[in-house]
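A.B. asks: Give the three-dimensional model of this entry:
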Amino acid sequence: ASGVASQMKEGLDFTVDRKEKTADLTERGMMVAEQLLGVDDVWDSWDPWGRYVLLALKAKELYLRDTHYLVREGQVMIVDESTGR
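C.D. replies: Below is the predicted model:
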């Protein structure tokens, strides 16, 4: 999903609402994701790639390394924005 998200373009393949911290695929984005993943439907209940692609897009667009999360010894640690820890 991360590889798919990295190839998508904001405004064309997906939209982001930074205030609400949400991301949504456009119709084109769904087709691009399906093509890149080699699936017929990203929302298929047996192979639900859509959810993973959206999570990858949110991570890519809304969260900054060393601000919102840290990577230490190969582990990702989420930073609490209210405490900074």
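A.B. asks: which residue packs closest to Lys21, ignoring adjacent ones?
C.D. replies: Across the structure, with C-beta to C-beta, 6 or more residues apart in numbering as the measure, the residue nearest Lys21 apart from its sequence neighbours is Leu62 (5.4 Å). In this view, the C-beta of every residue, glycine as well, is placed from N, C-alpha and C.
A.B. asks: And for Phe14, the neighbour number?
C.D. replies: 24 (other C-beta atoms under 10 Å).
A.B. asks: Tell me what it is bridged to.
C.D. replies: Glu10, Leu25 (DSSP bridges).
A.B. asks: ok, which stretches of the protein are helices?
C.D. replies: Secondary structure of the chain (DSSP state H): helices at 2-7, 27-37, 49-62.
A.B. asks: how many other residues sit next to the residue lying closest to Leu70 once chain neighbours are set aside?
C.D. replies: Across the structure, with C-beta to C-beta, 6+ apart as the measure, the residue nearest Leu70 apart from its sequence neighbours is Met77 (4.8 Å). Met77: 10 surrounding residues under other C-beta under 10 Å.
A.B. asks: for Met77, what are its contacts?
C.D. replies: If you count contacts by C-beta atoms under 8 Å, 6 or more residues apart in numbering, Met77 has them with Tyr69, Leu70, Val71.
A.B. asks: nearest to Asp17, of those?
C.D. replies: The nearest member of these to Asp17, counting by C-beta to C-beta, is Tyr69 at 20.0 Å.
A.B. asks: I appreciate the help and will end here.
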